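**Q** Below is the structure, and that's it, no one-letter string:
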């Protein structure tokens, strides 16, 4: 009897021990499952972020928008797209901090432009290449010019001009671009044959230039008006060589050009020009406009250097898991 009782006690002890082991195993399995699910959720969530920095995180889709829409997903441009993303995020954060974020009107206009681009892409390509990001976020990433302008006014409100530097740059600029400001109107004759243009050239000064044009232009009616055209536009249209441009633009009112040959893919055309009129530009106005551009360019450079320092201070770090998804 005592042995049976002892045996029952031993069996009861073993059963309790088995229940305890089973419970511990069940709890361990549950913990493993919970941990695995947690890791999976964390991995998915973590892969949505590409950058971490002091003050926040940057979504993978922000980078993707820059990479796809601005740089055409060019593998060689990944670093540029990443820097572009940092720049936009940093500028927006600073604008918010200063209370100069998008106005309601700016945001509405930017989002409307983005939506137009989206709809145009859908119409042309048959799908929405921007499906991964909404109009509002694209506007915040790409339409930040107004934010930059206001922040520049805050951080670089003025620039002290070095007059010697300005004078040197203005002189160089005018040497290369003065003709852009001149209103030079010409009549011209164009032929395909060298012999014809030489015949026309020999008649210069002996008869009216319009008569020469009519004589050597096939199909031109006698009473057709020969309207003057912009010398600058013609030179740009035919992409004249620099020497030919300079000679043409140097003509005074009433003067004729030399024969100018235009060659493209072994095909030649020949030109004669008659300068009908030229209006000299207001040099003071040009200098004033150039000074404004000169100052604003240097303010922009100074502001970009400030943004570079903000980016460095923000301590951006790449989340490789998110980076590898693009």
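**A** Done, it's in. Everything quoted here is computed from the prediction, not taken from an experiment.

**Q** Tell me, what's the model's pLDDT at the nearest residue to residue 187 once chain neighbours are set aside?
**A** Leaving aside its chain neighbours, residue 187 sits nearest to residue 274 (4.7 Å; criterion: C-beta to C-beta, 6 or more residues apart in numbering). Quick note: C-beta positions are derived from backbone N, CA and C, even for glycine. Here the pLDDT value assigned to residue 274 is 97.

**Q** how near is residue 274 to residue 167?
**A** Look at residue 274 and residue 167: by C-beta to C-beta, to the nearest Å, they are 36 Å apart.

**Q** returning to what we had before: tell me both backbone torsions, phi and psi, for the residue nearest to residue 187.
**A** As for residue 274, its main-chain torsions (degrees, to the nearest 10) stand at phi -120, psi 120.

**Q** Please give me every residue in contact with residue 262.
**A** Counting by C-beta atoms under 8 Å, 6 or more residues apart in numbering, residue 262 touches 238, 240, 268-271.

**Q** Closest to residue 138 out of those residues?
**A** residue 238 (40.4 Å; C-beta to C-beta).

**Q** which one is that closest one nearest to, not counting chain neighbours?
**A** residue 262 (5.4 Å).

**Q** Walk me through the domains of this structure.
**A** 61-157, 183-279 (automatic domain parsing).

**Q** Of those, which is nearest residue 294?
**A** Of the domains of the chain, nearest to residue 294 by C-beta to C-beta is domain 61-157, at 14.0 Å.

**Q** end to end, how far does the closest one reach?
**A** End-to-end distance of domain 61-157 (C-alpha to C-alpha, to the nearest Å): 34 Å.

**Q** Which one of residue 274 and residue 167 is surrounded by more residues?
**A** Under the criterion of other C-beta atoms under 10 Å, the comparison of residue 274 against residue 167 puts residue 274 first, with 23 against 12.

**Q** pLDDT of stretch 186-201, averaged?
**A** Mean per-residue pLDDT for stretch 186-201: 95.

**Q** start to end distance for that stretch?
**A** 16 Å.

**Q** outside of that stretch, which residues touch it?
**A** Stretch 186-201 is contacted from outside by 209-210, 212-213, 215-217, 226, 228-231, 234, 248, 251, 259, 268-276, using C-beta under 8 Å, 6+ apart.

**Q** Give the buried subset of the residues you listed as a ChimeraX selection command.
**A** Buried members of those, defined by 16 or more other C-beta atoms under 10 Å, are picked up in ChimeraX with:
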select :209,212,213,216,217,226,229,231,234,248,251,270,271,272,273,274,275,276
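
**Q** so is residue 273 in a helix, a strand, or just coil?
**A** strand (DSSP: H, G, I helix; E, B strand; the rest coil).

**Q** That one contacts residue 258, doesn't it?
**A** No. Between residue 273 and residue 258 there is no contact under C-beta atoms under 8 Å: 9.1 Å.

**Q** returning to that earlier point: who does the residue nearest to residue 187 form a beta bridge with?
**A** residue 187, residue 256 (DSSP bridges).
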